[in-house]
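Participant: predicted model follows, preceded by the sequence.
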Amino acid sequence: MDFDVGKFETEMNRGFLQILVLLCLEESMYGYKMLSTILKIGYKIEENTLYPLLRRLESKGLISSKWEVSENRPKKFYKITGKGKALRKNLLKIWKNQNEIINNLMEVNDG
Amino acid sequence: MDNKILEDYLKEIDHYLALKEEKDEILNEIKSHILEKTEYEAGKITDDALKATIKKYGNPKIIAEKYMEGYQIISPVYKKYLFLYTGLLFIIHYGLVVFSAFSNYEMVFFPFFYIPIMGTHSPVWNQLILYLPMTFFYDFGFVCLFLYFITQNKKEIRLPWFEINLNLLTRKPVKVKKPKRHILGLLVSGFIIVLFVYIRYKTLFFLSIGPGKTTSLFNPSVSRWLSLSVIFIYFMEIMYYMSRFFTKSSWVKLTKDGLILIILWLIINYPIEDALVDFPYIDLKTIGTFILLFLTMMATINFIKSLIEILCLRKNPGSKSIHK
């Protein structure tokens, strides 16, 4: 195959990772815990991708954070905000709609 | 356990992170993550375990890039403005340099630029050639700084746009004329004639050509050296023309222009004036100086154009040279 699938996947992942993180942060969680949780449900997210994403979401007021000492180590805990929840609701609606369109198209193509 | 490994890693990320306020927090979070992951995966924090976690975390430069996604030094929308404004500023600036050199007039526009006169011992063309690259680099840097401030300002600023049709400023492919065999034939024929003249008279520069006596413009050794330089430049032009039958690469043109520039610089730095023969009616020194100055200016402009062309191609791989 001539295409570098990785690049396309990165493009696709942008929106997906935002929804994923917003869904995960229903309860307060720190980065490493979040990575493990996501890994358990069958998806691997790179650590050096997660932290910059958390920072971007926080700068937009979609999640909030605070430093806490847990297991003798300072950790930064994140939680979704009201603004984040509202956005998540809208994004999920868009995602479901897109998913439906893709499925319908695939059915048409499969004949 | 040597925390220096981790500290060095964080220091390198810190080096690439061009953020002001959030930097410490980012680094603390990465540190906390690496320590926890190492402890969890290796049981305890050892140098080797730490190295393995750091390796997995990734290249500091790429990590910093991810944090700075969306952060721009100069917005890409100003790319065309960068070349246009630099070009316009260069025309004005270099125009002032030319004026200053010929009128022997020093100019100061503090803090923007200062054009000193180089003294009566230095010829005019020396000043003009010296200031050509310096003016360009200064103007380029100045426009970069201006566009940097505009980008960082974040406000909607509409910069004036001057319609100038330059291929280099557009995404249009660079048009290169398709080489023709008969032109190559003419060039090669000319080259053979030039070679014949050189072999016959040991020079290409004549003060007078007569049936009995032929006088060279320079003394024999300088004459030979200059003639060979001209032959070499001619030869390179032919090779470049010939190469266009096989390749469209802009690198060939850049190499040719660069070599010509080097030859001209060597000629300029050679004390040719002393080698000129005396001729009572014409000021050979002045004429020679102007011819050399003109050729060097043209060669420099060609070289800069080729360089910009290469840079444009690297930025827009789609805009490769095409034959008309």
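Facilitator: Thanks, I have the structure now.
Participant: report how many residues lie close to whatever residue of the stretch 151-300 of chain B ends up closest to chain A.
Facilitator: Chain A sits closest to residue B:154 of the stretch 151-300 of chain B, with a gap of 14.5 Å, by C-beta to the nearest C-beta. To be clear about C-beta, it is placed using only N, CA and C from the backbone, and glycine gets the same treatment. By the criterion of other C-beta atoms under 10 Å in any protein chain shown, residue B:154 has 8 neighbours.
Participant: please report the distance of it from residue B:76.
Facilitator: According to C-beta to C-beta, to the nearest Å, residue B:154 and residue B:76 sit 15 Å apart.
Participant: wait, residue A:43 sits on residue A:19?
Facilitator: No: the pair residue A:43 / residue A:19 is not scored as a contact, 11.6 Å apart, by C-beta atoms under 8 Å.
Participant: which one of the two is surrounded by more residues?
Facilitator: Shown here are residue A:43 and residue A:19; by other C-beta under 10 Å, residue A:19 has more neighbours (15 against 12).
Participant: what pLDDT does the closest residue to the more buried one other than its chain neighbours get?
Facilitator: Closest residue to residue A:19 apart from its sequence neighbours, by C-beta to C-beta, 6 or more residues apart in numbering or on different chains: residue A:91 at 5.2 Å. On pLDDT, residue A:91 comes in at 95.
Participant: ok, now which ones touch residue A:91?
Facilitator: A:15, A:18-19, A:22 (C-beta atoms under 8 Å, 6 or more residues apart in numbering or on different chains).
Participant: assumed it was part of a helix.
Facilitator: Yes: judged by DSSP: H, G, I helix; E, B strand; the rest coil, residue A:91 forms part of a helix.
Participant: just give me the neighbour total for the residue in chain B that chain A sits nearest to.
Facilitator: Residue nearest to chain A within chain B: residue B:66 (4.2 Å; C-beta to the nearest C-beta). Residues lying near residue B:66 (other C-beta under 10 Å) number 17.
Participant: against residue B:15, how distant is the residue nearest to it when sequence neighbours are not counted?
Facilitator: Excluding its sequence neighbours, the residue lying closest to residue B:66 (C-beta to C-beta, 6+ apart) is residue A:52, at 4.2 Å. Taking C-beta to C-beta as the measure, residue A:52 falls 17 Å from residue B:15.
Participant: quick one: which of these two has more around it?
Facilitator: Between residue A:52 and residue B:15, counted using other C-beta under 10 Å, the more crowded position is residue A:52 (17 against 11).
Participant: hang on, isn't the residue nearest to residue B:66 packed against residue B:65?
Facilitator: No: counting by C-beta under 8 Å, residue B:65 is not a contact partner of residue A:52; they are 9.0 Å apart.
Participant: on that earlier part again, got a pLDDT number for the residue of the stretch 151-300 of chain B closest to chain A?
Facilitator: So, for residue B:154, pLDDT stands at 77.
Participant: quick one, phi psi at it?
Facilitator: Residue B:154 has phi and psi values of phi 70, psi -10 when expressed as degrees, to the nearest 10.
Participant: close to chain A, is the helix or strand that residue B:27 is a member of?
Facilitator: Here residue B:27, judged by DSSP states H and E, is contained in helix B:23-42. Yes: using C-beta under 8 Å from any C-beta of the partner chain, helix B:23-42 reaches chain A at B:25-26, B:28-30, B:32-33, B:35-37, B:40.
Participant: tell me where the chain has helices.
Facilitator: Because you didn't say which chain, this covers chain A. Along chain A, counting by DSSP state H, helices occupy A:5-24, A:31-40, A:47-59, A:82-110.
Participant: switch to chain B, that's the one I care about
Facilitator: B:4-16, B:23-42, B:47-57, B:60-67, B:79-103, B:124-153, B:181-201, B:220-243, B:250-268, B:284-315.
Participant: just the C-alphas of the fourth one, formatted as PDB.
Facilitator: Written as PDB, here are the backbone C-alpha positions of helix B:60-67 (Å, rounded to 0.1, in the frame of the first residue of the first chain):
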ATOM      1  CA  PRO B  60      12.000  15.600  23.700                       C
ATOM      2  CA  LYS B  61      11.700  17.700  20.500                       C
ATOM      3  CA  ILE B  62       8.500  15.800  19.400                       C
ATOM      4  CA  ILE B  63       7.000  16.100  22.900                       C
ATOM      5  CA  ALA B  64       7.600  19.800  22.900                       C
ATOM      6  CA  GLU B  65       6.100  20.100  19.400                       C
ATOM      7  CA  LYS B  66       2.900  18.300  20.600                       C
ATOM      8  CA  TYR B  67       2.500  20.800  23.400                       C
END
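Participant: and it, how far out from the chain's middle?
Facilitator: Its chain's C-alpha centre and that of helix B:60-67 lie 30 Å apart, by C-alpha atoms, centre = their mean, to the nearest Å.
Participant: which residues sit against that helix?
Facilitator: Residues outside helix B:60-67 that contact it (C-beta under 8 Å, 6+ apart) are A:48-49, A:51-52, A:55, B:9, B:12-13, B:15-19, B:26, B:30, B:57.
Participant: next: the third one.
Facilitator: Residues outside helix B:47-57 that contact it (C-beta under 8 Å, 6+ apart) are A:47-48, B:1-2, B:5-6, B:9, B:30, B:33-34, B:37-38, B:41-42, B:63.
Participant: any idea of the pLDDT on the residue of chain A found nearest chain B?
Facilitator: Chain B sits closest to residue A:52 of chain A, with a gap of 4.2 Å, by C-beta to the nearest C-beta. On the pLDDT scale, residue A:52 is placed at 94.
Participant: also residue B:243?
Facilitator: Looking at residue B:243, its pLDDT stands at 90.
Participant: residue contacts, it?
Facilitator: Residue B:243 touches residue B:252, counting by C-beta under 8 Å, 6+ apart.
Participant: okay, now residue A:97: neighbour count?
Facilitator: Residue A:97 is flanked by 10 other residues according to other C-beta under 10 Å.
Participant: now swap in residue B:47 and tell me
Facilitator: 13.
Participant: for it, report the pLDDT, please.
Facilitator: 90.
Participant: then residue A:33?
Facilitator: 93.
Participant: what is the neighbour count of residue B:263?
Facilitator: Neighbours of residue B:263 (other C-beta under 10 Å): 17.
Participant: pLDDT score assigned to it?
Facilitator: pLDDT at residue B:263 comes out at 88.
Participant: hmm, residue B:229 and it touching each other?
Facilitator: Yes: with contacts counted by C-beta under 8 Å, residue B:263 reaches residue B:229, the gap being 5.2 Å.
Participant: can you list the residues of the stretch 1-150 of chain B near chain A?
Facilitator: B:22, B:25-26, B:28-30, B:32-33, B:35-37, B:40, B:56-58, B:62-63, B:66-67, B:69.
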